[in-house]
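Asks: let's see this in three dimensions:
(one chain, ligands or ions: 2)
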Amino acid sequence: MHKDTREILYTEEQIRDRSAELGKQISADYEGKDVLMVGLLKGSVPFFAELAKHVTLDVEFDFMRVSSYEGTESTGNVIVKKDIDVDFKGKDILLVEDILDTGKTLYTVRQMLLEKGAASVEIATLLNKQERREFPIQAKYVGFEIPNAFVIGYGMDYNEKYRNLPYVGILKEEVYM
Ligand SMILES: O=P(O)(O)OC[C@H]1O[C@H](OP(=O)(O)OP(=O)(O)O)[C@H](O)[C@@H]1O
Ligand SMILES: Nc1nc2[nH]cnc2c(=O)[nH]1
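Replies: Numbering: from 1, shown residues only. Ligands and ions are numbered 1, 2, ... in the order given. The predicted model follows:
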């Protein structure tokens with residue numbers, strides 16, 4: 001893998017600074033509430049860890065694993081592979097994601113959690129690809145708005161690789177065409 005197969009979109013420093021701003025906003029918005037931060041595995045892990053450091057409330061953590069992507073393509077349904085373990089009835093859930101793309105994943109998960117009794121379900125996503133939206137869902141907390149390109153790094157993969165890159169990059173089409 002040569003370096004010129006990807007270009008940097010957001011550096012580690014830019015992501016940390018933006019996470020600090022979002023963490024401050026979240027801390028103010030949820031003051032006095034019982035917040036459960038729920039990360040969607042696997043992609044959200046680096047952003048979840050960074051964002052959580054900037055939230056100054058006594059929040060709880062949990063994780064879900066759902067999946068619908070293979071390579072760069074979204075497949076049929078959203079499958080729950082690991083559910084939330086704690087009782088979240090009446091709690092305010094903050095879903096943390098790496099990217100909001102068609103919206104299928106977060107729309108589906110949000111509906112599930114509301115149906116099971118969450119008091120509220122808001123979304124914090126590192127990246128928002130608004131142009132690709134197909135489902136009626138918006139994130140309250142967005143790190144960066146990005147154009148329609150397949151991104152990798154900072155948790156995001158292409159066939160399970162590149163999640164460990166400390167920046168967000170664009171994978172050039174020649175890699176997967
Ligand atoms: O808005 P959507 O079109 O639904 O796309 C966004 C979802 O796609 C990726 O997850 P993926 O299913 O690849 O799992 P991963 O987190 O393990 O990479 C990403 O982490 C989001 O969950
Ligand atoms: N790695 C990665 N996963 C995604 N899932 C939905 N959109 C994307 C994307 O641009 N990159």
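Asks: use CA for all of it now, contacts and neighbours both
Replies: Fine.
Asks: which pLDDT value belongs to the spatially closest residue to Gly90 that is not a sequence neighbour?
Replies: The shortest distance from Gly90 to any non-neighbouring residue, by Cα to Cα, 6 or more residues apart in numbering, is to Ala119 (4.5 Å). Per-residue confidence at Ala119 stands at 97 (pLDDT).
Asks: just Gly71 next, same as before
Replies: Looking at Gly71, its pLDDT reads 59.
Asks: check Ala20 too.
Replies: With respect to pLDDT, Ala20 has a value of 98.
Asks: now do the same contact list for Glu131.
Replies: Pro147, Asn148 (Cα atoms under 8 Å, 6 or more residues apart in numbering).
Asks: would you agree it falls within a strand?
Replies: No: applying DSSP: H, G, I helix; E, B strand; the rest coil, one finds Glu131 to be helix, outside a strand.
Asks: what about stretch 125-140, near ligand 2?
Replies: No: using Cα under 6 Å from any ligand atom, stretch 125-140 stays clear of ligand 2, with a minimum separation of 7.8 Å.
Asks: just the buried residues of that stretch, please?
Replies: The neighbour-count check on stretch 125-140 (16 or more other Cα atoms under 10 Å) flags Thr125, Leu126, Leu127, Asn128, Lys129, Gln130, Ile137, Gln138, Ala139 as buried.
Asks: how about stretch 23-33?
Replies: By 16+ other Cα under 10 Å, the buried positions in stretch 23-33 come out as Gly23, Lys24, Ile26, Ser27.
Asks: what's in contact with that stretch?
Replies: Under the contact criterion Cα under 8 Å, 6+ apart, stretch 23-33 has outside partners Leu51, Ala52, Lys53, His54, Val55, Thr56, Leu57, Asp92.
Asks: what does stretch 44-53 give?
Replies: 16, 19-20, 22-23, 39, 96-98, 126, 154-156.
Asks: with stretch 91-111 instead?
Replies: With Cα under 8 Å, 6+ apart as the test, stretch 91-111 has contacts from 33-40, 43-44, 47-48, 66-68, 78, 118-130, 132-137, 139, 154-156.
Asks: endpoints of that stretch, how far apart?
Replies: For stretch 91-111, the first and last residues are 15 Å from each other (Cα to Cα, to the nearest Å).
Asks: and ligand 2, is that stretch touching that?
Replies: Yes: judged by Cα under 6 Å from any ligand atom, stretch 91-111 and ligand 2 are in contact via Asp101.
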